[in-house]
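In: coordinates only, sequence not included:
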């Protein structure tokens, strides 16, 4: 694999790609009319990040104690959910969907702890600040000219109910 492909698939690039992608994907779907299947691109990225984690654990058998504790707490959390599903006789498909929804955050969180280089944070925070300034003016445009109000006023996060959580985050 050449250097460019290796760099594009590096864990840190995948982490930042997910952040930036999730900022814009709802706008692409809800405002530009692109297919909602774009929501699942991050699942593919999560699978690649799982491969990176497994590769790292395979070649570096030592794992830091605080990370091991976080993983243990996540396993306990997921196990509690599984027990709850069987106790309440919920559907197995609902369990799998729940593990997908919660598990992708856990994978992302662990990848940030393992692979993120603190030196690059400042650069990305500057980009995020610029994005938020653009978002402010886009939300102003949506409010004044498009008449969007309350839950539909989300700027680059698309105009759909629930986008406010992305804006606030």
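Out: Structure received. Keep in mind that what you see is a predicted model, and the values were worked out from it rather than measured.
In: List the residues that contact the residue nearest the centre of the chain.
Out: Averaging the C-alpha coordinates of the chain gives a centre point, and the residue nearest to it by C-alpha atoms, centre = their mean is residue 18 (5.4 Å). Residues near residue 18 by C-beta atoms under 8 Å, 6 or more residues apart in numbering: 42, 45, 46, 108. Heads up, the C-betas are built off the backbone N, CA and C, glycines and all.
In: Before we move on, what's the pLDDT of it?
Out: Per-residue confidence (pLDDT) for residue 18: 91.
In: Then residue 1?
Out: At residue 1, the pLDDT value in this model is 60.
In: Could you do residue 72 as well?
Out: 85.
In: The strand or helix carrying it - contacts with which helices or strands?
Out: Using DSSP states H and E, residue 72 falls within helix 65-87. With contacts defined as 3 or more C-beta pairs under 8 Å, 6 or more residues apart in numbering; DSSP states H and E, the secondary structure elements packing on helix 65-87 are helix 92-115.
In: How about residues contacting the helix it packs on?
Out: In contact with helix 92-115 (C-beta under 8 Å, 6+ apart) are residues 10-12, 14-15, 18, 42-43, 46, 49-50, 52-53, 56, 67, 70-71, 74, 77-78, 81-82, 85.
In: Kindly supply the ChimeraX command isolating those of these that are buried.
Out: Applied in ChimeraX, the following selects the buried portion of the contacts of helix 92-115 according to 16 or more other C-beta atoms under 10 Å:
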select :11,12,14,15,18,42,46,49,52,53,71,74,78,85
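In: Where does pLDDT dip in this structure?
Out: Low-confidence segments of the chain, defined by pLDDT under 70: 1-8, 58-63, 169.
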